[in-house]
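> Give the three-dimensional model of this entry:
(one chain, ligands or ions: 1)
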Amino acid sequence: MIDAHQLTKRYGEKTAVDRLDFTVRPGIVTGFLGPNGAGKSTTMRMILGLDAPTSGSVTVNGRRYAEHSAPLQEVGALLEAKSVHPGRSAVDHLLAQAYTHGIPRRRVDEVIELAGLQSVAKQRAGKFSLGMGQRLGIAAALLGDPATVMLDEPVNGLDPEGVLWIRNLLTGLAAEGRTVFVSSHLMSEMALVAEHLIIVGRGRLLADTTVDELVREAGGDTVQVATADPARLREVLAGPGVGITGHSGSEELQVTGLTARAIGLKAAEHGIALFELTARTVSLEEAFMDLTRDSVEYHGTTAGIETLGRAA
Ligand SMILES: Nc1ncnc2c1ncn2[C@@H]1O[C@H](COP(=O)(O)OP(=O)(O)OP(=O)(O)O)[C@@H](O)[C@H]1O
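Prediction:
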């Protein structure tokens with residue numbers, strides 16, 4: 001369990017993390033989402049005691065990270081910038097960490113296997129590809145068999161097989177009852193693994209919600225209907241909890257609060273012809289963009305490219 005209370009970090013004038021309150025619970029994967037620069041890494045660094053909060057606090061299982069007597073066994077973490085001695089082999093890197101934390105050699109072999117690094121375990125880590133480096137970082141994070149696992153952008157640099165491996169690993173760790181907290185700026189990736197989402201923008205909490213709820217709030221339960229008699233259809237569909245919108249004179253209506261099936265049945269019952277009946281599924285990516293639109297610090301632009309194209 002991770003608990004943040006009014007967690008704040010300022011770097012001079014810049015507020016990187018702004019009064020965050022959230023709880024990360026065991027037994028599920030919680031996604032930590034936000035655009036670039038939203039404050040995710042800073043928050044994770046504070047959870048691990050690598051950065052001190054300017055104000056507020058964050059605890060892991062009721063204590064600050066530094067107060068745990070065996071922190072590696074409490075929280076296993078992979079942060080973006082991982083320092084591995086380039087001349088050391090993967091196995092030696094893990095052994096060095098295991099020895100200094102009283103972890104048996106057997107566990108090193110276990111995590112090497114878990115991370116699929118058996119064939120390269122004796123190679124120098126300096127020669128590792130980005131994906132292999134990520135796997136080594138994850139092996140190190142799991143070394144202490146921690147109850148809480150925290151990974152910052154774990155799919156970075158992984159090939160499709162590696163991405164799938166991470167997904168299964170995360171859901172497996174959560175199923176074992178661990179607390180799993182994973183950051184990403186990719187909603188599509190989070191949608192596949194996370195059950196709960198904590199979304200931040202410019203250091204602030206934007207949403208603390210489930211994947212299902214986010215889609216619902218974004219209008220994911222809207223049904224698009226086209227009919228020859230929109231006025232009559234409005235009448236027969238109207239009721240408590242039902243919302244109907246549409247331009248006057250248009251054949252198209254947008255209906256919330258009723259399933260496509262219920263709308264189809266009602267229309268048939270009243271002999272109203274329908275031309276279209278489509279349940280509109282809002283992608284999580286759209287929901288995320290809507291939520292964070294005002295918090296994106298670094299907007300991309302294609303204006304320069306267009307200008308170049310015209311000049312050519
Ligand atoms: N040591 C630092 N000194 C000054 N500013 C910092 C420092 N660390 C982070 N920041 C600023 O704080 C803000 C939050 O950064 P952070 O790296 O936590 O965001 P993030 O959500 O992890 O972003 P990304 O998805 O790009 O990794 C950014 O504006 C960043 O420039």
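
> Contact residues of the stretch 1-150 of the chain facing the ligand?
Neighbours of the ligand within the stretch 1-150 of the chain, by C-beta under 6 Å from any ligand atom: 11, 14, 16, 34, 36, 37, 38, 39, 40, 41, 42. In short, each C-beta sits where N, CA and C put it, glycine included.

> cool, the stretch 151-300 of the chain as well?
Going by C-beta under 6 Å from any ligand atom, the residues of the stretch 151-300 of the chain near the ligand are residue 185.

> what about the stretch 151-300 of the chain, any weak spots by pLDDT?
219-220, 296-300 (pLDDT under 70).

> Tell me the residue of it that sits nearest the ligand?
residue 185 (4.7 Å; C-beta to the nearest ligand atom).

> Tell me where the stretch 151-300 of the chain has strands.
Assigned by DSSP state E, counting those that start in this stretch, the strands in the stretch 151-300 of the chain fall at 179-184, 196-201, 204-210, 222-227, 243-245, 252-256, 274-280.

> Format those strands as a markdown table; extra columns: mean neighbour count.
Shown next, in a markdown table, are these (neighbours: other C-beta atoms under 10 Å):
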| stretch | mean neighbour count |
| --- | --- |
| strand 179-184 | 25 |
| strand 196-201 | 24 |
| strand 204-210 | 17 |
| strand 222-227 | 20 |
| strand 243-245 | 14 |
| strand 252-256 | 18 |
| strand 274-280 | 13 |
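
> who touches the residue of the stretch 151-300 of the chain closest to the ligand in this structure?
By C-beta atoms under 8 Å, 6 or more residues apart in numbering, the residues touching residue 185 are 33, 34, 35, 36, 38, 40, 153.

> Out of those, which end up buried?
33, 34, 35, 38, 40, 153 (16 or more other C-beta atoms under 10 Å).

> So the third one: helix, strand or coil?
Right, residue 35. Here residue 35 is recorded as coil under DSSP: H, G, I helix; E, B strand; the rest coil.

> Would you confirm that it contacts residue 291?
No. Using C-beta atoms under 8 Å, residue 35 is not in contact with residue 291, being 10.1 Å away.

> Mutual contacts of the two, please.
residue 201.

> how close does residue 191 sit to residue 1?
Look at residue 191 and residue 1: by C-beta to C-beta, to the nearest Å, they are 24 Å apart.

> Neighbour count for those two, which is higher?
Neighbour totals were compared for residue 191 and residue 1, and residue 191 leads with 19 against 13 (other C-beta atoms under 10 Å).
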